[in-house]
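1. Sharing a model prediction with you, sequence too.
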Amino acid sequence: MWKWIQTFASPKNFYQISQKIILWLLIPFIILMLIGLYWGLIVAPIDYQQGESYRIMFIHVPAAWMSMFVYLVLAISGGIGLIWKIKLAYVIAKVSAPIGVAFTFLALTTGAVWGKPMWGTWWVWDARLTSELILLFLYLAYMSLNNAFDNPKTASKASSVLAIMGLVNLPIIHYSVKWWNTLHQSASVSVNKVAIQDVDMLIALLLMGMAFKFLYGALMLMRARDEVLVIEQNSSWVKRIIMEHR
């Protein structure tokens with residue numbers, strides 16, 4: 001397993017192998033997204049309290065899951081880069097940040113749209129909402145710090161340390177609805193229980209959650225391939241690729 005990881009971590013091998021993996025991520029993403037949207041918009045019943053407006057949950061909740069998942073990947077990748085000096089780990093962390101920003105922004109905006117008819121306002125300084133907003137700022141701070149140094153190695157190390165420190169915010173987001181009195185509803189799905197009682201609602205939510213994970217994987221690999229070419233631009237194998245595409 002470790003030998004396979006070392007082989008895959010080689011920029012050249014990663015560039016070649018990732019091209020094949022992307023297709024196998026995009027296909028299930030499209031299938032799961034279409035089925036998930038159909039299940040959430042057509043099959044799942046109307047909520048007896050919130051009516052049709054609750055259906056934004058099938059975008060909001062998976063986006064919120066992904067905002068935390070991508071940050072976890074970012075921080076772990078940064079840690080691997082710091083400890084084992086693997087350049088590809090830094091690449092994965094760097095390219096994950098903009099994707100994480102997109103998921104976090106999507107979670108915040110869909111949450112605001114959902115919250116307006118439920119709470120009567122677009123935004124409240126609720127513990128869950130505030131900690132999610134802090135997550136967005138952590139992503140932006142990571143990206144800013146990564147671009148603040150002329151030396152890429154220094155930038156990668158500094159931003160990775162920041163990302164690891166920011167991990168403390170993830171349990172705050174997750175447990176905020178338990179630790180404080182909050183307008184935000186409890187977790188829809190957790191290790192110990194499932195708050196959603198209707199099976200069709202749960203199926204739609206899980207389908208969309210899986211679809212978003214495949215989407216992240218595909219987008220991350222696409223961006224990482226471009227970043228690898230930039231980093232390895234003076235390598236013979238990159239020059240050969242450039243010559244072949246001229």
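-> Received it, and whenever you're ready, just let me know what you need. Numbers count the residues shown, from 1 in each chain.

2. make it CA atoms for all contacts and neighbour counts henceforth
-> Will do.

3. Secondary structure element for Pro45, which one?
-> For Pro45, there is no host helix or strand (DSSP states H and E).

4. From Trp39, how far off is it?
-> From Pro45 across to Trp39, the span is 10 Å (Cα to Cα, to the nearest Å).

5. With Val61 instead?
-> Taking Cα to Cα, one finds Val61 at 15 Å from Trp39.

6. Grab the nearest non-local neighbour of the spatially most central residue of the chain.
-> Nearest to the mean C-alpha position of the chain, by Cα atoms, centre = their mean, lies Val70 at 3.2 Å. Closest residue to Val70 apart from its sequence neighbours, by Cα to Cα, 6 or more residues apart in numbering: Gly100 at 5.6 Å.

7. That neighbour reaches Tyr139, doesn't it?
-> Yes. Shown here, Gly100 and Tyr139 form a contact pair, counting by Cα atoms under 8 Å, at 7.1 Å.

8. any shared contact partners between those two?
-> Tyr71 (Cα atoms under 8 Å, 6 or more residues apart in numbering).

9. just to confirm, which helix or strand has the residue nearest to Val70 in it?
-> Per DSSP H and E: Gly100 is located in helix 87-119.

10. next one: Lys20
-> Per DSSP H and E: helix 11-38 holds Lys20.

11. can you state the direction angle for that helix and helix 87-119?
-> If you take axes from the mean of the first three to the mean of the last three Cα atoms, to 10 degrees, helix 11-38 sits at 20 degrees to helix 87-119.

12. elements contacting helix 11-38?
-> helix 2-9, helix 199-231 (3 or more Cα pairs under 8 Å, 6 or more residues apart in numbering; DSSP states H and E).

13. tell me what the next helix or strand after that helix is packed against?
-> The helix or strand immediately downstream of helix 11-38 is helix 57-84, counting by DSSP H and E. Secondary-structure packing of helix 57-84 (3+ Cα pairs under 8 Å, 6+ apart): helix 87-119, helix 152-165, helix 199-231.

14. mind running it again at 6 Å?
-> helix 87-119, helix 152-165 (3 or more Cα pairs under 6 Å, 6 or more residues apart in numbering; DSSP states H and E).

15. mind checking how far Trp114 is from Leu205?
-> From Trp114 to Leu205 the distance is 16 Å (Cα to Cα).

16. Ignore what I typed, I meant Tyr139.
-> 25 Å.

17. repeat for Leu140
-> 28 Å.

18. repeat for Leu162
-> 32 Å.

19. Report pLDDT for Met220.
-> For Met220, the pLDDT comes out at 98.

20. Which one's more surrounded, Trp114 and Leu205?
-> Set Trp114 next to Leu205 and count neighbours by other Cα atoms under 10 Å: Leu205 wins out with 26 against 21.

21. what about the nearest residue to the more buried one once chain neighbours are set aside, neighbour count?
-> Among residues not flanking Leu205 along the chain, Phe58 sits closest, at 5.3 Å (Cα to Cα, 6+ apart). Under the neighbour criterion other Cα under 10 Å, Phe58 is assigned a count of 23.

22. pLDDT below threshold where in this protein?
-> Counting by pLDDT under 70, the ranges of the chain that qualify are 1-6, 180-197.

23. rerun that using 90 as the cut-off
-> 1-11, 47-51, 53-54, 114-127, 174-198, 234, 239-246 (pLDDT under 90).

24. The nearest residue to Ala155 once chain neighbours are set aside - how many residues pack around it?
-> What sits nearest to Ala155 in space, not counting adjacent residues and going by Cα to Cα, 6+ apart, is Asn146, at 4.7 Å. Neighbour count of Asn146, defined by other Cα under 10 Å: 22.
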